[in-house]
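Have a look at this prediction, sequence included:
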Amino acid sequence: MPGGPQRAARAAGPEGATVGLPARPFGYAMLATLGVGAGLAVLGALAAAATVLVYVGLALFLALALEPGIRSLISRGLPRWAAATVLVVGFAMVIALFVVAVLPLAVQQVSVFGTQLVGVLRDLPEQAWYTWVTSNLGALDLNGLLSSLTDLLTDPRQLSVIAGGVLQVGTGLINGVTAVVIVTALTIYIALTLPTIVSAVLRLVPRSRRDLTGSLLNEVLDSVGRYVSGQLVLATTNATFTLLLTVFAGSPAPILLAIIAFVAALIPVVGTVIGSILVVLATLTVSPVGALVVAIFLLVYMQVEAYVLSPRVMSRAVAVPGVLVIVAALAGAALGGVLGALVAVPVAAAGLLVINRVVLPLQETR
């Protein structure tokens, strides 16, 4: 009977619905395969370009940090190109000074600190507190732990592993210097051409919504820029105080500890605490009394920063609730490590500003 196979393949269901294969199953399967392949190719390209995207994002945040200073110079009569040139040149000089002068000293102090740490471990059994602990706390086998650590450091097989780790650290330093150069160049370009970039983005928005979008975008960029610049000011203050304090207390590697304090202070809420703990532990390898003094002064500084410096520096930035700061920092750290924690709070501040300016007024009109 003509049409029999087609009728069998498209048998009607109990309610008249047809079931069976589509008209061109091979074509649909091919399209689905190509779609999955294209999706995997896009994800692979994004993964390959992840480092470049991180560089661009970091440069954008640094350029936004320079923007309040550029606008301040513009308000005093300088044209934008002159104001941007002044701040960009100053920023480039600071980065160059760090790479040429500070970074080699920090690398040198890493080896000095390692040597001092080995000496502390070697002389540890002669310390009075160590003798008291081993004689009064028998359950804590410090001698066995120290012996295991010594064997680990003197085992030739472990030495090769340590040498490989040192090589990785050296490679990381080279990659870090390269990243600093790339981010600096991108920051200079974005800072000089930020109005042009904003205008190009606004051209993608429909004309009827361009004014509102432009106002909101400028407010977001201004607020995020103030937040980033304020956080950099607080981190620089923390690093300077840590450097002076560690030099006075005789801490090992004061420049290295100041760099650690600067990076840690960029992380809101918990960064200063983490950096202070690391500084105190490093000072403890030299002098317990010095570590106690450093801990007391850092505790006082944290109170001054929380109640005096931070409100003044962050007075014109977006007020982000403390809970949102903690959640954003933890989420950013989980997604992108230290860099993710650094940029998570400005992103949360921008999202909060969009909610206050767009979402809430829209809900009030319904």
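Received the coordinates, thanks. Numbers count the residues shown, from 1 in each chain.

so how far does stretch 203-213 reach from one end to the other?
11 Å (Cα to Cα, to the nearest Å).

what does it contact?
Counting by Cβ atoms under 8 Å, 6 or more residues apart in numbering, the neighbours of stretch 203-213 from elsewhere in the structure are Leu202. Bear in mind the C-beta positions are built from the backbone N, C-alpha and C, glycine included.

mean confidence score for it?
Per-residue pLDDT over stretch 203-213 has a mean of 83.

cool, and stretch 70-84?
On average, stretch 70-84 scores 84.

What's the end-to-end length of it?
6 Å.

Go through it and flag the buried ones.
Residues 70, 73, 83-84 are the ones in stretch 70-84 that count as buried (16 or more other Cβ atoms under 10 Å).

same check, this time on stretch 53-66
Across stretch 53-66, burial judged by 16+ other Cβ under 10 Å covers 54-55, 57-66.

Sort out for me which of those residues are in helices.
Those of the buried residues of stretch 53-66 mapping onto helices are 54-55, 57-66, per DSSP state H.

remind me which residues of the stretch 251-366 of the chain are low pLDDT?
314-320, 322, 336-339 (pLDDT under 70).

ok, back up a step: farthest pair within the buried residues of stretch 70-84?
Maximum pairwise distance in these, criterion Cβ to Cβ, is 8.4 Å, between Leu73 and Ala84.

Ala63 contacts Thr193, doesn't it?
No. Taking contacts as Cβ atoms under 8 Å, Ala63 lies outside contact range of Thr193: 9.2 Å.

ok so, going back, nearest to Leu309 among the ones in helices among the buried residues of stretch 53-66?
Once Cβ to Cβ is applied, the member of those that ends up nearest Leu309 is Ala65, at 17.1 Å.

Which of the buried residues of stretch 53-66 sits closest to Asp222?
Leu64 (8.4 Å).

centre of the chain versus stretch 28-40, how much separation?
36 Å (Cα atoms, centre = their mean, to the nearest Å).

And that stretch, what's buried?
When neighbours are counted by 16+ other Cβ under 10 Å, no buried residue of stretch 28-40 is found.

Report the mean per-residue pLDDT for it.
Averaged across stretch 28-40, the pLDDT comes to 79.

that older thread, format the ones in helices among the buried residues of stretch 53-66 as TSV; extra columns: distance to Gly39 and pLDDT.
Putting those into TSV (distance: Cβ to Cβ, whole Å; pLDDT from 0 to 100) gives the following:
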residue	distance to Gly39	pLDDT
Val54	22	76
Tyr55	25	80
Gly57	23	79
Leu58	28	80
Ala59	29	84
Leu60	27	84
Phe61	30	81
Leu62	33	82
Ala63	32	84
Leu64	32	83
Ala65	36	82
Leu66	38	84
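
can you put the buried residues of stretch 53-66 in a markdown table and add distance to Gly351?
Shown next, in a markdown table, are those (distance: Cβ to Cβ, whole Å):
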| residue | distance to Gly351 |
| --- | --- |
| Val54 | 20 |
| Tyr55 | 23 |
| Gly57 | 15 |
| Leu58 | 19 |
| Ala59 | 21 |
| Leu60 | 16 |
| Phe61 | 15 |
| Leu62 | 20 |
| Ala63 | 20 |
| Leu64 | 15 |
| Ala65 | 19 |
| Leu66 | 23 |
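
circling back to that earlier point, going by distance to Val345, which of the ones in helices among the buried residues of stretch 53-66 wins?
The nearest member of these to Val345, counting by Cβ to Cβ, is Phe61 at 10.8 Å.
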